[in-house]
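Participant: 3D, please:
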Amino acid sequence: MNHSPMRYCSQCTYPFVTVNLSVDDDGVCASCRTFEQFELLTPEFWAHRKQMFERKIEEVLKNRVSEYDCVIPVSGGKDSYYQ
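Facilitator: Reported below is the predicted structural model:
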């Protein structure tokens, strides 16, 4: 039986056999590359995002038509849909 050796992301050691895993020429998975990009985001970027969120909450509260008083962040995936 011919078995090839198991291969892993060179940064996080996630196995290459994972379904839909994208790995670049340097052997680094897409998740690690995405994390690297997030690390480059400035405090100003996050402050702006916080302001946008707070404005949205104010808008929803001002036009409130229900008795619910919580926010559940969702991604749109099947787990979020279940929530």
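Participant: contacts, neighbours, all on C-alpha from now
Facilitator: Will do.
Participant: what's the first helix or strand after whatever helix or strand Glu36 lives in?
Facilitator: Element membership for Glu36, per DSSP states H and E: helix 30-39. As assigned by DSSP H and E, the chain's next helix or strand after helix 30-39 is helix 43-62.
Participant: about what we covered before: quick check: buried residues in the helix holding Glu36?
Facilitator: Cys32 (16 or more other Cα atoms under 10 Å).
Participant: also stretch 10-22?
Facilitator: Buried residues in stretch 10-22 (16+ other Cα under 10 Å): Tyr14, Phe16.
Participant: number the chain from 57, please
Facilitator: All right, first residue 57 from here; so that's stretch 66-78.
Participant: what's the first-to-last distance across it?
Facilitator: 13 Å (Cα to Cα, to the nearest Å).
Participant: contacts for that stretch?
Facilitator: Contacts to stretch 66-78, defined as Cα atoms under 8 Å, 6 or more residues apart in numbering, come from residues Met62, Arg63, Tyr64, Cys65, Val79, Asp82, Gly83, Val84, Cys85, Ala86, Cys88.
Participant: just the buried ones from those?
Facilitator: For the contacts of stretch 66-78, buried by 16+ other Cα under 10 Å: Tyr64, Cys65, Val79, Val84, Cys85, Cys88.
Participant: residue contacts, the last one?
Facilitator: When you say that, I think you mean Cys88. Gln67, Cys68.
Participant: show the pLDDT at it.
Facilitator: Looking at Cys88, its pLDDT is 95.
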